[in-house]
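Enquirer: Structure of the sequence below:
(2 chains)
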Amino acid sequence: DSGVTQTPKHLITATGQRVTLRCSPRSGDLSVYWYQQSLDQGLQFLIQYYNGEERAKGNILERFSAQQFPDLHSELNLSSLELGDSALYFCASSDPNFSGSNYGYTFGSGTRLTVV
Amino acid sequence: KNEVEQSPQNLTAQEGEFITINCSYSVGISALHWLQQHPGGGIVSLFMLSSGKKKHGRLIATINIQEKHSSLHITASHPRDSAVYICAAESGNTPLVFGKGTRLSVIA
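Expert: Residues are numbered from 1 along each chain as shown, chains lettered A, B, ... in the order given. As a prediction, the model looks like this:
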């Protein structure tokens, strides 16, 4: 167990639907990052939150949104789903000063989303 | 924007062989990360380094800042090392930029 918890592990849904992915960061980490990994694209950064505030945005579609709550867990909302949204979605957390880790980032086990 | 290139894309080795995976990047960085992704999908951070060399068990990571190049070495490779190895470049406060990964298969 890495300390970063992602739920659900697997999700199958139909096109046009909306889903919510959840991430609980490692205890003490203030930053949460969301990444998408599709077969042909590799890992792509979506968005980062730090202590409840959006810190950086990557190639995140307008149909996707995220937030980080006061307890520091984060949710990634994907709406109007398309077949091409099928991918692994990872979150990672970090201590901004990397003081608690030799490795900087701790990844969750991912949510595999299949849109049919 | 940083461009991160890894080589080789695929690598098959016999058990016991010494393995090297290379990573190059285009823009100066504050840190270089090596990640391991097993077939089940989970990602594990192996190393974060900004200079020199780090070692953890049979894994060694090196970085040459001047040449913008890093290598991950695996000594005495074992079938359980079979995974995708990904390098990622970090520049200040900008998000990680990932290489496409190297798929390693170690055959007994």
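Enquirer: Dig out what residue 31 forms beta bridges with.
Expert: No chain specified, so I'll use chain A. Here A:Ser31 sits in beta bridges with A:Tyr50, A:Ser94, as judged by DSSP bridges.
Enquirer: sorry, should have said chain B
Expert: On the basis of DSSP bridges, B:Ala31 is bridged to B:Glu90.
Enquirer: ok now do it, which residues does it touch?
Expert: For B:Ala31, the contact set (CB atoms under 8 Å, 6 or more residues apart in numbering or on different chains) comprises A:104, B:48-50, B:89-90. (C-beta placed from N, C-alpha, C; glycine too.)
Enquirer: One more: A:Arg112?
Expert: Applying CB under 8 Å, 6+ apart, we find A:Arg112 in contact with A:9-11, A:88, B:41.
Enquirer: And it, what's its pLDDT?
Expert: At A:Arg112, the model reports a pLDDT of 96.
Enquirer: Please work out how many residues are found near B:Trp104.
Expert: Trp isn't right for residue B:104; it's Leu. Using other CB atoms under 10 Å in any protein chain shown, B:Leu104 has 21 other residues around it.
Enquirer: swap that for B:Ser24, sorry
Expert: When neighbours are defined as other CB under 10 Å, B:Ser24 has 18 of them.
Enquirer: what does A:Glu54 give?
Expert: Neighbour number of A:Glu54 under other CB under 10 Å is 12.
Enquirer: avg pLDDT for whichever strand or helix holds it?
Expert: Using DSSP states H and E, the element containing A:Glu54 is strand A:53-57. Average pLDDT, strand A:53-57: 92.
Enquirer: which stretches of chain A have low pLDDT?
Expert: Within chain A, the ranges that satisfy pLDDT under 70 run A:96-103.
Enquirer: how about the residues of it that lie near chain B?
Expert: Counting by CB under 8 Å from any CB of the partner chain, chain A comes close to chain B at A:2, A:33, A:42-45, A:48, A:55-56, A:58, A:88, A:90, A:92, A:98, A:102-107, A:109-110, A:112.
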